[in-house]
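J.: This is the structure alone, sequence omitted:
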């Protein structure tokens with residue numbers, strides 16, 4: 001399993017923009033399927049506190065360099081919270097195609113963490 005993950009991450013880093021093994025839809029689907037693990041208050045959205053808990057306590061330390069590279073909670077909110085109401089919900093995910101999970105390496109990292 002470890003070699004498969006290394007190969008997938010290598011592919012994600014080295015492929016061109018035209019092709020990526022992980023789609024944005026796949027990552028959003030994982031978030032929706034596993035929402036109970038991340039959406040602690042059950043409101044259907046991730047707020048700053050829930051993202052902080054997810055990033056700092058739920059995700060294994062192995063992935064913390066990835067989280068630092070994407071800018072952590074603040075950057076995630078900046079790029080994914082389109083309406084700037086302090087939470088990332090389904091509407092934000094639908095409207096943030098150009099800014100949230102917009103690169104292959106971000107999708108691959110997010111898929112590894114969320115799926």
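T.: All right, it came through fine. Keep in mind that what you see is a predicted model, and the values were worked out from it rather than measured.
J.: Grab the most central residue of the chain for me.
T.: Nearest to the geometric centre of the chain sits residue 110, at 3.7 Å (CA atoms, centre = their mean).
J.: Which residue lies closest in space to that residue, excluding its sequence neighbours?
T.: Of all residues not flanking residue 110 in the chain, residue 27 sits nearest, at 4.8 Å (CB to CB, 6 or more residues apart in numbering). Quick note: C-beta positions are derived from backbone N, CA and C, even for glycine.
J.: Enumerate every residue touching that neighbour.
T.: 101, 107, 110, 111, 114, 115 (CB atoms under 8 Å, 6 or more residues apart in numbering).
J.: Counting neighbours, what do you get for the second one?
T.: Same thing as residue 107. Other residues near residue 107 come to 21 when the count uses other CB atoms under 10 Å.
J.: Not counting sequence-adjacent ones, nearest residue to it?
T.: Nearest to residue 107 is residue 22, by CB to CB, 6+ apart, at 4.4 Å.
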